[in-house]
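In: Give me the fold of what follows.
(2 chains)
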There are 2 protein chains.
Amino acid sequence: MTELMYSSAVPVFKQMLGGLDDVLAKAEAHAAARNIEPAALLQARLYPDMFTLLRQVQVACDFAASVSARLAGVEVPVFEASEQEFADLHGRIARTQAFLAALTPEQFAAAASREIITRPGTPKERRFSGQDYLLHYGLPQFFFHVTTAYGILRHSGVEVGKKDYMGAY
Amino acid sequence: MTELMYSSAVPVFKQMLGGLDDVLAKAEAHAAARNIEPAALLQARLYPDMFTLLRQVQVACDFAASVSARLAGVEVPVFEASEQEFADLHGRIARTQAFLAALTPEQFAAAASREIITRPGTPKERRFSGQDYLLHYGLPQFFFHVTTAYGILRHSGVEVGKKDYMGAY
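Out: Here you go, the predicted model:
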């Protein structure tokens, strides 16, 4: 149980963030090769009231870090959302990967049954077991933002494929 | 371990397919209210070489069923991909949900260590433990298609939100 809670979170986040990092590198190269302003991709959205590519990447990183931290019972790291360039996003992913790499399976020993409260003190407060929090909230949210970042770039004509999205596994 | 392998697959698929079903119902109502031909949404894509909405939904259902079946060690159900209308997609989701509902946690007792071979006999053949197959292949693939279906509809102006995507949890 312990080992599977760690395995269902940390290595999955690492894999998908690795894929996202590669997808962003291809997008940056695509823009450079065609004299496309990086902002034309970084600020792209699938619809005006959806997040930009840049924000999708930030939020994907935030879910990977915050979900893992809560399950491990350690403080959620705060990375300021000041990114403006592709290089900054690679940096955010690298910081998130370093945070994930420092977590150990032992820290997840109580993760499945740990009580996790989202939006505490608000009308939207929800209480989860750690297991439900990961499977029914954290993973769906994380995959949403990783996939939507990929979708924005595909829609913008960047030549990436499902293989890039999947990362190394 | 057993219980978590089941829990990491079947209830997650059920939740997300429930959300997808609701998203499709809202898309259908959106089209009806604005005299939009259903095909304008069902055949929409984020990019010409990506799958249509219709195909994204079919493939999402296929991953939910095939990943669960392989982990449970039962035959992968074959649902013919003959859908043409929203009603047909609701039917496919319902058939998939019924298949999932019939699986029991006990069938997943050996799932974590069961050997799963994808694309057997081809150059792309891969061997996974059941655990790796679910976490590093099945879930990323499934979430990709559910999220992309949602992204196509958002991009087409259908008024759905993350709450709809998330389903009931």
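In: The nearest residue to A:V74 once chain neighbours are set aside: what's it in contact with?
Out: Spatially, and ignoring its direct neighbours in sequence, A:V74 is nearest to A:Q107 (6.8 Å; CB to CB, 6 or more residues apart in numbering or on different chains). (Each C-beta comes from the backbone N, C-alpha and C, glycine too.) Shown in contact with A:Q107 (CB atoms under 8 Å, 6 or more residues apart in numbering or on different chains): A:Y6, A:A72, A:G73, A:V74.
In: One more pass at 10 Å, please.
Out: With contacts defined as CB atoms under 10 Å, 6 or more residues apart in numbering or on different chains, the neighbours of A:Q107 are A:T2, A:M5, A:Y6, A:V10, A:S68, A:A69, A:L71, A:A72, A:G73, A:V74.
In: any idea which of the residues you listed has the most stuff around it?
Out: When neighbours are counted by other CB atoms under 10 Å in any protein chain shown, A:S68 leads the contacts of A:Q107 with 28 neighbours.
In: Check that one and give its pLDDT.
Out: A:S68 carries a pLDDT score of 98 in this model.
In: returning to what we had before: what is the most widely separated pair among the contacts of A:Q107?
Out: A:T2 and A:A69 (16.9 Å; CB to CB).
In: Which stretches in chain A count as helices?
Out: Counting by DSSP state H, chain A has helices at residues A:2-7, A:10-33, A:38-42, A:53-72, A:86-101, A:130-132, A:139-155, A:162-166.
In: Which elements pack onto the fourth one?
Out: The elements that helix A:53-72 packs onto, with contact taken as 3 or more CB pairs under 10 Å, 6 or more residues apart in numbering or on different chains; DSSP states H and E, are helix A:2-7, helix A:10-33, helix A:38-42, helix A:86-101, strand A:115-118, helix A:130-132, helix A:139-155.
In: So which of these is nearest chain B?
Out: helix A:139-155 (3.5 Å; CB to the nearest CB).
In: just checking, what packs against the closest one?
Out: helix A:10-33, helix A:38-42, helix A:53-72, helix A:162-166, helix B:10-33, helix B:139-155, helix B:162-166.
In: ok, back up a step: buried deepest among the helices and strands packed on helix A:53-72, which one?
Out: Mean neighbours per residue, mean count of other CB atoms under 10 Å in any protein chain shown, is largest over the helices and strands packed on helix A:53-72 for helix A:139-155, with a mean of 24.
In: centroid residue for chain A?
Out: With distances taken as CA atoms, centre = their mean, A:A60 lies nearest the centre of chain A, 2.4 Å away.
In: is it true that that residue touches A:Y165?
Out: No. Under the criterion of CB atoms under 10 Å, A:A60 is not in contact with A:Y165, lying 11.9 Å apart.
In: what touches both of those two?
Out: Contact criterion CB under 10 Å, 6+ apart; residues shared by A:A60 and A:Y165: A:M16, A:L20, A:V146, A:T147, A:A149.
In: Quick one: mean pLDDT over stretch A:47-58.
Out: Stretch A:47-58 comes out at a mean pLDDT of 98.
In: Check stretch A:89-107 too.
Out: 98.
In: same check, this time on stretch A:119-129
Out: 93.
In: got a list of contacts for it?
Out: A:70, A:111-118, A:132-138, B:169.
In: Apply 8 Å and report the result again.
Out: A:A112, A:S113, A:R114, A:E115, A:I116, A:I117, A:T118, A:H136, A:Y137.
In: Not counting residues beside it along the chain, what's closest to the first one?
Out: This means A:A112. Closest to A:A112 by CB to CB, 6+ apart is A:Q131, at 4.3 Å.
In: who's in contact with the one you found?
Out: Residues in contact with A:Q131 (CB under 8 Å, 6+ apart) are A:M5, A:A111, A:A112, A:S113, B:L4, B:S7.
In: give me the number of residues near the third one?
Out: Residue neighbour count, defined by other CB under 10 Å, stands at 21 for A:A112.
In: Please tell me I have it right and it contacts B:L4.
Out: Yes. The pair A:A112 / B:L4 is scored as a contact, 7.2 Å apart, by CB atoms under 8 Å.
In: Could you report the separation of A:F128 from A:E3?
Out: Per CB to CB, to the nearest Å, A:F128 is found 20 Å from A:E3.
In: returning to that earlier point: any chance of the shared contacts of A:A60 and A:Y165 in a markdown table, plus pLDDT?
Out: As requested, the shared contacts of A:A60 and A:Y165 are exported to a markdown table (pLDDT from 0 to 100):
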| residue | pLDDT |
| --- | --- |
| A:M16 | 98 |
| A:L20 | 98 |
| A:V146 | 98 |
| A:T147 | 98 |
| A:A149 | 98 |
